[in-house]
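Trainee: Just to be clear, the model below is a prediction. Sequence and coordinates:
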Amino acid sequence: MSNYSAERLYRLLPALHRLRDADQGYPLRDLVTILAGQAEVLEADIQQLYENWFVETCEPWVVPYLGDLLGVRGTRGAASRRAEVANTLPYRQAKGTLAVTERLARDVTGWPARAVESFQLLGTTQYVKHVRLANLRTPDLRRASDLELLSGPFETAAHTAEVRRIAVEAGRYNIQNLGIFLWRLQAYPLAEGMPHPVTGSFSTPQKHFTWNPLGMDQQLFSSGGTAAGSRVASELDVPGPIRRRALYDALARYYGSGLSLAVWTSWDPALTAQDPLPADQVAVCDLTQWKTPSQVKVAVDPLLGRLSFQDDQDPGKVRVSYHYGFSDDLGGGTYERQATFTRIAGETYFAVSETASPELQTLQGALGEWKQALALGPVSAVIEIRDSRTYAEHLKVPEIPSGHRLEIRAANRQRPTLLLTTEIKVTGAAESSFEMNGLLVAGRPVRLAGQLNHALFQHTTLAPADGTPVLIVEPGGAQVTIERSIVGAVRASYEAHVDILDSIVDAGDGTGRALLPAYAAPDGKAPGGALTVSRSTVIGAVRTGTLALAENSLFLHPVRAERRQEGCVRFCSLAAGSRVPRRFHCQPAVPDGSTADEARRLAALLSPRFTALRYGDPGYCQLTADTPREIRRGAEDESEMGVFSSLLNPQREDALRLRLEEYLRVGLEAGIFYAT
């Protein structure tokens, strides 16, 4: 309890004053309460001033000032300024060593890193007094793992010298060269999820599964770690894709409870702790043809994200834990989302899980419980799914009462999958609202109907489906917000208003070619409602009545706004044939007087380039390092355009280059390479 609590201060007053205060309705007590509140604020501020003396506990705004005391130059966009300032003195004491250079790269950028001295990989004539047995001019062709690592951050094969500069990523192998490899993708853990059966359904015994709950091939990732002390990062220390050979050679370091992946059979949700299958019953295989060795219980393919059991095995309920790769906290996942949960006084809360009561083990069961509560009077509801299971259901959503709200969300750090057998139709009365947070939804679209006033999709994936819209807004004038989400094609009535923030809208086929418009009216032909797009990537044509605002975004296909006198488009990349309101600092910027051929050549030259455009790939919608500078640094704050603009990737790279000037040994030159 604070030393300045209102009750304590009030009791310090003479009893006579307290008696007179009671006779007059306690005005003095109210004054003491106000004074006590301000005293607590002052006490907390004094305590924080003390904490601000230390970089570990200070407020974020203090970190640059502490850095100035140490001579740390400003690093705009650096991901972990606190760690950089805290480690400055020990880093300077060990300046020039390989391990410090690597840890410096990690602290400045926030990405896992590995530093490689290129002279160690040069095929040279060796001095007989200093023989390097591992430095072989010709690789051993019998060592398959070493051959897989060629040209990567962990290669061991020798190379001839390259005279091109490493600073511009033109050459790598020379005496003065130092390569800094960075992993931009994060490894997200998904614990105790349900793998997808390749054939049949979840209720019948299956032998073949994909780790991905939607039945897609998806490469598994290592959980990663941090190299400590003077040790340079190894393949197990970084969140990279798991190779078959690497998993085979070090299965015990990848497989098991709490590690990169694990498999449970005959799952019993009533048990609080269960051991996964032992490693000696797991084989690493190429499951392209789904062939399982006879001497093992389960075969795992980390490259394709598949697992398979013997034909004579009955695995029962199968659960898996694994890591998948992605660039950012987007589209739902096992990351921190607590701050995005909204609360309304008097709302009814339903917790759905495998261990709940029978009526709350399914999402439809929770909706049924809410429907019973509505029979007693209007009430808002929050339905929270508390695990990462797959729910294959047919949902019937009761009408949301006027002035009330329905929220369906995943618990914090959970990512359940909802496989719809029929579309979800959400109907609301006047001034009602609907929210979805943290779910992966696939199979059928979500339809918003009635007089629903507002719909919010946060950290949600409405899985893109080729040739099918995933979100339909019927006439009624609903305000729809899509924030930090991944959705397929959106269909919105002319009366609706849709805001797309830090999201991906994908109506393509995985190759960048759009199968249907990404945004249009419900019929797919007429213009949709008013649209706002900010820091997003849109794959597919856009047809809207009014483009109120588009900023810092990538449009891969033509955008057409019916009313071009309203709205603004700024710091965006637009496809040829777009008809939008007045542009400001957009690409491609075609000079006046250019011919049609010149305009096409410029558009092709300045088009964005992606690691992958197929939903489910780890590098989905991630810009490559060779993307034109006008796109990679074309946003308002000189970061990249598109959905990952807030990551400030170019600023992280600039901050690292600035630091390397101080920490590199004399004569060395560094180059930055992206491993993912």
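Mentor: Thanks, I have the structure now. Numbers count the residues shown, from 1 in each chain.
Trainee: rest of the way, CA atoms for contacts and neighbours
Mentor: OK.
Trainee: What's the separation between residue 573 and residue 551?
Mentor: Residue 573 is 9 Å from residue 551, where distance means C-alpha to C-alpha, to the nearest Å.
Trainee: which strand residues sit across from residue 670 in the sheet?
Mentor: Residue 670 has these beta-bridge partners by DSSP bridges: residue 178.
Trainee: In three-state terms, how would residue 62 be classified?
Mentor: Classification of residue 62 by DSSP: H, G, I helix; E, B strand; the rest coil places it in helix.
Trainee: if I read this right, it contacts residue 51, doesn't it?
Mentor: No: using C-alpha atoms under 8 Å, residue 62 makes no contact with residue 51, being 10.3 Å away.
Trainee: Residue 573 and residue 551 - which one has more neighbours?
Mentor: Neighbour totals were compared for residue 573 and residue 551, and residue 573 leads with 30 against 25 (other C-alpha atoms under 10 Å).
Trainee: pLDDT wise, what is that one at?
Mentor: Note for residue 573: predicted pLDDT of 93.
Trainee: which other helices and strands contact the helix or strand hosting residue 657?
Mentor: Per DSSP states H and E: residue 657 is located in helix 649-663. Using 3 or more C-alpha pairs under 8 Å, 6 or more residues apart in numbering; DSSP states H and E, the elements in contact with helix 649-663 are helix 98-109.
Trainee: Would you mark the buried spots in the lengthiest strand in the chain?
Mentor: The residue-count maximum for a strand in the chain (DSSP state E) belongs to strand 542-551. Buried residues in strand 542-551, counted by 16 or more other C-alpha atoms under 10 Å: 542, 543, 544, 545, 546, 547, 548, 549, 550, 551.
Trainee: Show me this protein divided up by domain.
Mentor: Residue ranges for the domains of the chain, per automatic domain parsing: 6-51, 82-182+668-674, 186-326, 464-643.
Trainee: Any idea how far the first one is from the middle of the chain?
Mentor: In terms of C-alpha atoms, centre = their mean, to the nearest Å, the gap separating the centre of domain 6-51 from the centre of its chain is 47 Å.
Trainee: Endpoint to endpoint, it covers what distance?
Mentor: 26 Å.
Trainee: Can I get the longest strand of the chain in CSV, CA atoms only?
Mentor: Output in CSV follows, covering the C-alpha atoms of strand 542-551 (Å, rounded to 0.1, in the frame of the first residue of the first chain):
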residue,chain,number,x,y,z
VAL,A,542,-9.5,-2.7,-56.8
ARG,A,543,-12.8,-1.2,-57.9
THR,A,544,-14.2,1.3,-55.4
GLY,A,545,-16.6,4.2,-55.5
THR,A,546,-14.3,6.4,-53.4
LEU,A,547,-10.7,5.9,-52.5
ALA,A,548,-10.7,8.0,-49.4
LEU,A,549,-7.0,7.5,-48.7
ALA,A,550,-4.2,5.1,-49.9
GLU,A,551,-0.8,5.5,-48.3
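Trainee: i'd like the first residue to be 5 from this point on
Mentor: That works, and once the first residue is 5, the last one we named lands at strand 546-555.
Trainee: gap between stretch 367-380 and the chain center?
Mentor: 33 Å.
Trainee: can you check stretch 392-400 too?
Mentor: Worked out by C-alpha atoms, centre = their mean, stretch 392-400 lies 23 Å from the chain centre.
Trainee: Any buried residues in it, and which?
Mentor: 392, 393, 394, 395, 396, 399.
Trainee: pLDDT on that stretch, on average?
Mentor: The predicted model assigns stretch 392-400 a mean pLDDT of 91.
Trainee: can I have that stretch written out in CSV, keeping just the CAs?
Mentor: Extracted C-alpha coordinates of stretch 392-400, given in CSV (Å, rounded to 0.1, in the frame of the first residue of the first chain):
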residue,chain,number,x,y,z
SER,A,392,-4.9,-24.0,-30.9
ARG,A,393,-7.1,-26.9,-32.0
THR,A,394,-8.9,-27.1,-35.3
TYR,A,395,-12.7,-26.6,-35.2
ALA,A,396,-14.5,-27.9,-38.2
GLU,A,397,-18.0,-26.6,-37.7
HIS,A,398,-21.2,-25.3,-39.2
LEU,A,399,-21.9,-22.1,-37.4
LYS,A,400,-25.3,-20.3,-36.9
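Trainee: What helices and strands are in contact with the longest strand of the chain?
Mentor: When contacts are defined as 3+ C-alpha pairs under 8 Å, 6+ apart, strand 546-555 sits against strand 523-524, strand 534-538, strand 563-567, strand 573-574.
Trainee: residues making contact with the helix or strand just after that strand?
Mentor: Moving toward the C-terminus from strand 546-555, the next helix or strand (DSSP H and E) is strand 558-559. Residues from elsewhere that reach strand 558-559 (C-alpha atoms under 8 Å, 6 or more residues apart in numbering): 539-544, 576-579, 645-647.
Trainee: what do you get for stretch 618-626?
Mentor: With contact meaning C-alpha under 8 Å, 6+ apart, stretch 618-626 is reached by 189, 220, 222-223, 328-331, 467-468, 513-515, 541, 614-617, 647-648, 680.
Trainee: Span of that stretch from start to end?
Mentor: 11 Å.
Trainee: same check, this time on stretch 305-312
Mentor: Span of stretch 305-312 from end to end, C-alpha to C-alpha: 9 Å.
Trainee: pLDDT averaged over it, what's the number?
Mentor: Summarised as a single mean, pLDDT over stretch 305-312 is 93.
Trainee: Now do it: distance to the chain's middle.
Mentor: 22 Å.
Trainee: Low-confidence bits of the stretch 305-454 of the chain, can you list those?
Mentor: Within the stretch 305-454 of the chain, not a single segment meets pLDDT under 70.
Trainee: could you redo the last one with a cut-off of 80?
Mentor: 315-319, 348-349 (pLDDT under 80).
Trainee: repeat for the stretch 555-680 of the chain
Mentor: Residues of the stretch 555-680 of the chain that meet the criterion pLDDT under 80 lie in 593-604, 607.
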